[in-house]
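Undergrad: Predicted structure and sequence below. I'll ask about it afterward.
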Amino acid sequence: MRRIKKVGILTSGGDAPGMNAAIRAITRSAIYNNLNVVGIRRGYYGLVFNDMVPFDSGSVSNIIQQGGTILKTARCKEFISDEGRFEAYKNLCAQAIDALVVIGGDGTLRGARIFAEENDIPIVALPGTIDNDLGGTDITIGYDTALNTIIEAVDKIRDTATSHERLFFVEVMGHMAGYLALNGAIASGAEAAIIPERETEIDQLAELVRRGFRKSKNSAIVLVAENPATGGALGLAQRIKEEFPEYDARVTILGHLQRGGSPTAADRILASRMGAEAINALMAGQRNVMIGSQNGRMVYTPFTMAVTQKKPIKETDIELVKILSI
Ligand code: ATP
């Protein structure tokens, strides 16, 4: 087994609160293990265009509490081409980087998987996305903070919804995944969650109206996962106008504010544990695995499984929202 001497770190795809805590943990654990560290800027873009900076322990001071990512992030189309990835590998060799830790979502993992198949370089990934839509881990870095942002916003919307006796559709992010909407609904006491996972089975809006939530309440809040197929919250409000005009429906799209903010304690701890585990994994000769947290324990999932495994929504949580909204 080749001994690793220099580790490169990058953050890619959508930013997520806690990415900085992960960068800090990877850097400091690497230095603790006598490895050199290089920060790669703007995700795969920094690899392809050779935008890298040496990191020492002080490079990651005072960042654990900051949202976003000090390394910046980007969506890099050049990395999708063979030529782009070849440039990236040449730059890694020129910098003598002999292992990579990448932090990002589904797309970032797909990129890492292809790069690892083509080149002899060990890569470990951390799941960093507010969507929580990756298999191989119960929870992703950034998800808890985004949930907390959502409940804070919904608490405020509830005041006006109650006063005006309105139906509010609050659209949350989720990239075709209903975790934020469903658990946001449980945590904020919303009347319903409309999620992409159930889209093909049932007309969720019609079901909501059929349930007759007006019987016991004068206002309602429905969390809606963004979904181009239904038009998200705006699409649902339009349907209400046309099909159920007796309801006074309003829309709030939370948008990018869900990505920002200081990470919660849960996200800081998760990112710190995963960051340290990434270095443990590399030192132990692991390659091409994603670090996950399952039942409170750190586990390794091969990239091939992490990108194909779907993490199903819990049916019992869907039921819970219904039960608690009577
Ligand atoms: P989020 O879940 O927040 O959207 P993500 O990691 O899924 O994050 P993407 O934009 O899908 O974000 O992917 C990040 C980057 O990964 C892309 O910009 C691209 O550089 C790289 N990438 C994605 N898919 C591939 C692929 N098939 N081949 C090579 N690189 C890829």
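TA: Perfect, I can see it now. Residues are numbered from 1 along each chain as shown.

Undergrad: Model confidence for the nearest residue to Gly105 once chain neighbours are set aside, exactly?
TA: Excluding its sequence neighbours, the residue lying closest to Gly105 (C-beta to C-beta, 6 or more residues apart in numbering) is Thr129, at 3.5 Å. Where C-beta positions appear, they are placed from N, C-alpha and C, glycine not excepted. Predicted confidence (pLDDT) at Thr129: the value is 96.

Undergrad: And the one 4 residues further on, by the same measure?
TA: With respect to pLDDT, Asp133 has a value of 92.

Undergrad: In three-state terms, how would it be classified?
TA: coil (DSSP: H, G, I helix; E, B strand; the rest coil).

Undergrad: What distance do you get for it to Leu257?
TA: 20 Å (C-beta to C-beta, to the nearest Å).

Undergrad: between the two, who's got more neighbours?
TA: Neighbours per residue (other C-beta atoms under 10 Å) separate Asp133 from Leu257, with Asp133 holding more: 20 against 14.

Undergrad: Could you tell me how far the nearest residue to the more buried one once chain neighbours are set aside is located from the ligand?
TA: Nearest residue to Asp133, sequence neighbours excluded (C-beta to C-beta, 6+ apart): Ala177, at 3.7 Å. Ala177 sits 9 Å away from the ligand, taking C-beta to the nearest ligand atom, to the nearest Å as the criterion.

Undergrad: just Gly178 next, same as before
TA: Gly178 is 14 Å from the ligand, by C-beta to the nearest ligand atom.

Undergrad: Test my guess that that residue contacts Ala193.
TA: Yes: between Gly178 and Ala193 there is a contact under C-beta atoms under 8 Å: 6.6 Å.

Undergrad: which bits of the chain sit near the ligand?
TA: Residues of the chain found near the ligand (C-beta under 6 Å from any ligand atom) are 12-14, 44, 75-76, 79-80, 104-108, 110-111, 114, 129, 131, 175.

Undergrad: Pull out the buried residues from those.
TA: Buried members of the residues of the chain next to the ligand, scored by 16 or more other C-beta atoms under 10 Å, are 12-14, 44, 75-76, 79, 104-108, 110-111, 129, 131, 175.

Undergrad: still on that earlier bit, any idea of the pLDDT on the residue nearest to Asp133?
TA: 89.

Undergrad: tell me which element it falls in.
TA: Assigning secondary structure by DSSP states H and E places Ala177 outside every helix and strand.

Undergrad: how many other residues sit next to the closest residue to Ala276 other than its chain neighbours?
TA: Leaving aside its sequence neighbours, Ala276 sits nearest to Ser29 (C-beta to C-beta, 6+ apart; 4.4 Å). When neighbours are counted by other C-beta under 10 Å, Ser29 registers 22.
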